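K.L.:
next comes the sequence, and after it the predicted model I'd like to discuss.
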Amino acid sequence: MMKLAERLRSGETLMTAWSSMASLPVVDSLARSGFDAVTLDMQHGAHDEASVHDCLQPVAMAGKGAVVRIPVGRNDMASRALDFGAEAVIAPMINSREDAKRFAAAMKYPPLGERSWGPFRALQIHGEGDAKAYMRSANDRTLAFAMIETRAALSVLADILDVKGIDGVFVGPSDFSISWSGGGDVDPHLNDLQPALEEVAAKAREKGKPSGIFVFDPARAGTYAAMGYQLMAITNDVAFLNAGTAAGLAAARGGDAGRSAGGGY
Ligand code: 3PY
Ligand code: MG
């Protein structure tokens, strides 16, 4: 059951949870929540190859989209994430057509790319009995998202989107703000950056490819959806834990207000 590509191509807007803590029970909880997908973060999160391998299972079992963000330049890991059962891979800092081509090559079987055969765990956790059918359909059903998060990437966005095997783009607004301000600021909500965010979603749409974005403030998801973004990463597990504990403690310390904050039993 791999349907992330189908859902995005049909125009749905999807919300992915973002797992930074490489904890199987936390990933399992996120997969059982209302999210459409769970992304395992190897770039800034604590996931390594073993945790990605193990944590993709509860995501697939819950019928949710399984996504992995690889570290910068780790195209070998892109192929491995697919072999372990990821449906989509997000590659950070894709700043040139060449970066995009190398990433796409790792993601796609010939003739599009040079992915090597060995998706044994993917076949197992997705209940795919027919390896030949998987091989023939994998290029369509797995998604390569190139991260656009620098001025350099924006300046060659059309070229990146034109690379065969790049299925979509994904914006990292924090890095984008650092690049945008020449190292002067880090602020995913930087006002000056907003037209660039609009441009990325619009150009991707023009090319018929889905775009995604990391949403630091969940209240902004509607604004990004209106720009055309379809895959929204709603902050991360650490932020949810911090927000939940802060709200719970504030309610508890506020006396009666505590009664509205719990409810977990
Ligand atoms: C960024 O905002 O730079 C990101 O990569 C979000 O994860
Ligand atoms: Mg980034």
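P.N.:
Sure thing, it's come through. Numbering: from 1, shown residues only. Ligands and ions are numbered 1, 2, ... in the order given.

K.L.:
wait, what's in contact with V38?
P.N.:
Contact criterion CB atoms under 8 Å, 6 or more residues apart in numbering gives T16, A17, W18, S19, V27, L30, A31, V59, K64, G65, A66, V67 as the residues in contact with V38. C-beta: built from backbone N, CA, C; applies to glycine.

K.L.:
and of those residues, the nearest to ligand 1?
P.N.:
Proximity to ligand 1 was ranked across those by CB to the nearest ligand atom; first place goes to W18, at 7.4 Å.

K.L.:
could you measure from that closest one over to M107?
P.N.:
W18 sits 20 Å away from M107 when distances are taken as CB to CB, to the nearest Å.

K.L.:
cool, K132 as well?
P.N.:
When CB to CB is the yardstick, K132 and M107 sit 19 Å from each other.

K.L.:
between those two, which has more neighbouring residues?
P.N.:
Set side by side, K132 and M107 show unequal neighbour counts under other CB atoms under 10 Å, the larger going to M107 at 29 against 7.

K.L.:
ok, now how distant is that one from G208?
P.N.:
Counting by CB to CB, the gap from M107 to G208 is 18 Å.

K.L.:
same check, this time on V163
P.N.:
Going from V163 to G208 by CB to CB gives 14 Å.

K.L.:
and if you look at P110?
P.N.:
23 Å.

K.L.:
same thing with V67?
P.N.:
Distance from V67 to G208, counting by CB to CB: 20 Å.

K.L.:
hmm, back to that, just the contacts of V38: which are in helices?
P.N.:
Among those, the subset assigned to helices under DSSP state H consists of V27, L30, A31, V59.

K.L.:
ok, which of those residues also contact ligand 2?
P.N.:
Among the ones in helices among the contacts of V38, no residue lies close to ligand 2 (CB under 5 Å from the ion).

K.L.:
got a winner among the residues you listed for most neighbours?
P.N.:
Using other CB under 10 Å as the neighbour test, those are led by V59, with 29 neighbours.

K.L.:
now that one: how far from G182?
P.N.:
Remark: distance between V59 and G182 (CB to CB) = 38 Å.

K.L.:
and if you look at L241?
P.N.:
From L241 over to G182 (counting by CB to CB), the distance is 34 Å.

K.L.:
neighbour-wise, which of V67 and G208 wins?
P.N.:
For V67 and G208, the more surrounded residue by other CB under 10 Å is V67, and the numbers stand at 30 against 9.

K.L.:
check contacts around the closest residue to ligand 2 within the stretch 151-265 of the chain.
P.N.:
The stretch 151-265 of the chain approaches ligand 2 most closely through G172 (3.1 Å), counting by CB to the ion. The contact partners of G172, by CB under 8 Å, 6+ apart, come to P92, M147, I148, E149, F214.
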